[in-house]
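Q: Here's my sequence, what's the structure:
(one chain, ligands or ions: 1)
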Amino acid sequence: MAPTKKKTICCPECHGTMVWRAGTDSVEYRGHRKSVRLIGYWCQDCAEAVFEGDALQRKEAAFLELRAAVEQVLSPQRVAGIRKKLGLSQRKAGELLGGGPRSFQKYESGEQQVSVPMTNLLRLLERDPRRVRELLAALARRSPYDSQSTSS
Ligand SMILES: [Zn+2]
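A: Numbers count the residues shown, from 1 in each chain. Model prediction:
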């Protein structure tokens, strides 16, 4: 708790008193619900809560995690974790595994949800990270020869 924070503010809903404390909020996606502990201003008289900065980000992350679980794909955090385990930059991962140079930036920020096929591929590679080297070698071999062999 930051010492500079005001201890209470006025509730925008009911004009009651809101207190700066930890509480349990929840996120919802397609009928599924997940609770998340957040520090923010909680109204003493109604259900209203006001969050800022870090808490807003944590709530967003909780939502993305729930959505990924419901859709049975990897969450942004898991995508980032697997990519790092494979030793790939975001750009290289996109080039190697598909989706274009910015795809992993989008997956990991939550801007775009990772697909089921990409989830399958990442899960396979996570179990055997050394196989990424085969893909990297194939990528390196490809370049100038492809255009010649396909033209015949
Ligand atoms: Zn209120």
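Q: Quickly list the domain ranges of this structure.
A: Recorded structural domains for the chain (assignment: automatic domain parsing) are 8-55, 76-142.
Q: Throw those domains into TSV and include mean neighbour count and mean pLDDT, thanks.
A: Where C-beta positions appear, they are placed from N, C-alpha and C, glycine not excepted. Below are these laid out as TSV (neighbours: other CB atoms under 10 Å; pLDDT from 0 to 100):
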stretch	mean neighbour count	mean pLDDT
domain 8-55	14	96
domain 76-142	16	94
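Q: Would you tell me which of the ones you listed gets closest to residue 61?
A: Of all the domains of the chain, it is domain 76-142 that lies closest to residue 61, at 7.2 Å by CB to CB.
Q: end-to-end on the closest one?
A: For domain 76-142, the first-to-last residue distance is 30 Å (CA to CA, to the nearest Å).
Q: do stretch 108-124 as well
A: 18 Å.
Q: which residues sit against that stretch?
A: Here stretch 108-124 makes contact (CB atoms under 8 Å, 6 or more residues apart in numbering) with 60-61, 64, 67-68, 71-74, 76-77, 79-80, 82-83, 90, 97-99, 103, 105-107, 131.
Q: Show me which residues of this protein sit near the ion.
A: 11, 13, 14, 16, 43, 45, 46, 48 (CB under 5 Å from the ion).
Q: Nearest spatial neighbour of residue 34, chain-adjacent residues omitted?
A: Distance criterion CB to CB, 6 or more residues apart in numbering; nearest residue to residue 34, sequence neighbours excluded, is residue 66 at 4.4 Å.
Q: What helix or strand is the one you found located in?
A: Using DSSP states H and E, residue 66 sits in helix 53-71.
Q: buried residues in that helix?
A: Of the residues in helix 53-71, 55, 58, 59, 61, 62, 63, 64, 65, 66, 67, 68, 71 count as buried by neighbour count, 16 or more other CB atoms under 10 Å.
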